[in-house]
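Trainee: Here's my sequence, what's the structure:
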Amino acid sequence: MEQNIFHLQYALDTFYFLICGALVMWMAAGFSMLEAGLVRAKNTTEILTKNIALYSISCITYLACGYQIMYGGGYFLSGIETVDANAVLSEFANREEGFTGGAIYSKASDFFFQVVFVATAMSIVSGAVAERMKLWSFLAFTVVLTAFIYPMEGSWTWGGEAVFGWFTLADMGFSDFAGSGIVHLAGASAALAGVLLLGPRKGKYGANGRINAIPGANLPLATLGTFVLWMGWFGFNGGSVLKLGDINNSHSVAMVFLNTNAAAAGGAVAALILAKILFKKADLTMALNGALAGLVAITAEPSTPTALQATVFGVLGGLLVVLAIVSLDKLKIDDPVGAISVHGVVGFLGLLLVPITNGNASFSGQLIGATTIFAWVFITSLVVWFLLKVTIGIRVSEEEEYEGVDKSDCGLEAYPEFTRG
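Mentor: Numbering: from 1, shown residues only. Sure thing, here's the model as predicted:
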């Protein structure tokens, strides 16, 4: 009887992991649509090319070495994994918690779930450097981030390794359930380093501190992308429970889904209201970023808050992201899609909210963890971006930027019937 229960639990947990990974993979489509909607029409093809290329590169580099660095396991040179059911059964039977405690799933499903997180981190960078970065310089950076920079900080957090052999973040009281810091803050830190070296788009900032709005080409597409990301986030947070095959964890999954949805809704409404107060208009782009900010804010700990607390956390994220986007513009940090504000500023907020509902985390531990992640990713990314800048260059010419990088990088226009003539 116990063996039958074990086999069923193994199958359920593995299947759940794979389905959640597929949902997170679908976030690649969300990022593609969101970014394509928020850039100008002349840069649409290039941003879409970046997104499908970065996803593919991430899968290869993480397979080749990233997973090995982060968790000490590799699949690149191994064949189809053969599972010895009796050996796995014996391993879990000897655990103190028995068959219904720890997660039981195929290691291959764990790799698949982790690799789509890597691609998500890199997708954050894509939107922030849009409209003026060379395609191949961006893809070269993608290789380094996904093969080394992200796996290293991942090994210190989810991998449980000591930071440079000094201390473990978990022992310091650091907790990040699904990656507000490990994924989102990390991606934003890499983006910030690139944006600082890249500089703003031409015409974005005028004399006397004037900030010129550069509207996106397709807000319906941006809205679709946001809803796709919202849906994918259920896999992002829900899958991080790691299992489904018993009563307690099934309830935990349900609460994570509920809280994830509540936070997104709170963030969207809060951002929309604040935009109305500040700009006297119902700014759709702020509402979209508000929903994403709510999702980022709850990602660090979606399992322990009540639904009301999750909504409040989302509201805080939605309010903060509007203020952050405005502040970065005043600092002349040009981020066409608001990625640094959504994923970086609100990702930091999400980490600080964890100890409110999770007694195993501490504010000092969260600060140490956030500082470690930011410092490592920002400094290493800055070095890589700088090396690319002085070798192959990272910014397109003024003429190419004026005409749009679709023509110079891809030789294709996304909307040819609307731009010709």
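Trainee: quick one: low-confidence ranges for this structure?
Mentor: Along the chain, the parts satisfying pLDDT under 70 run over 1-4, 73-104, 419-421.
Trainee: for it, longest helix please?
Mentor: Ranked by residue count under DSSP state H, the longest helix found in the chain is helix 2-38.
Trainee: quick one, whichever helix or strand comes after that helix and helix 2-38 angle?
Mentor: The element immediately downstream of helix 2-38 (helix or strand, assigned by DSSP states H and E) is helix 44-61. Here helix 44-61 points in a direction 150 degrees away from that of helix 2-38 (axes from the mean of the first three to the mean of the last three C-alpha atoms, to 10 degrees).
Trainee: quick one, what contacts Asp176?
Mentor: Counting by C-beta atoms under 8 Å, 6 or more residues apart in numbering, Asp176 makes contact with Thr157, Trp158, Ile182, Ala300, Glu301, Leu351, Val354, Gly369. Using the backbone N, CA and C atoms, a C-beta is placed for each residue, glycine as well.
Trainee: helices or strands up against the longest helix of the chain?
Mentor: If you count contacts as 3 or more C-beta pairs under 8 Å, 6 or more residues apart in numbering; DSSP states H and E, helix 2-38 packs onto helix 44-61, helix 85-93, helix 107-128, helix 219-238.
Trainee: Could you dump these into CSV with mean neighbour count and distance to Ile149 added?
Mentor: Listed next are these as CSV, based on neighbours: other C-beta atoms under 10 Å; distance: least, C-beta to C-beta, whole Å:
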stretch, mean neighbour count, distance to Ile149
helix 44-61, 22, 11
helix 85-93, 13, 33
helix 107-128, 24, 9
helix 219-238, 21, 20
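Trainee: Which among those helices is found nearest to Val396?
Mentor: Among these, the nearest to Val396 by C-beta to C-beta is helix 44-61 (9.6 Å).
Trainee: helices and strands around that closest one, which ones?
Mentor: helix 2-38, helix 107-128, helix 135-144.
Trainee: how about the first one: buried residues?
Mentor: Just to be clear, that refers to helix 2-38. 6, 9-10, 12-14, 16-21, 23-25, 27-38 (16 or more other C-beta atoms under 10 Å).
Trainee: ok, back up a step: include distance to His343 when you put the helices and strands packed on helix 44-61 into a markdown table, please.
Mentor: Conversion of those to a markdown table gives the following (distance: least, C-beta to C-beta, whole Å):
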| stretch | distance to His343 |
| --- | --- |
| helix 2-38 | 11 |
| helix 107-128 | 5 |
| helix 135-144 | 16 |
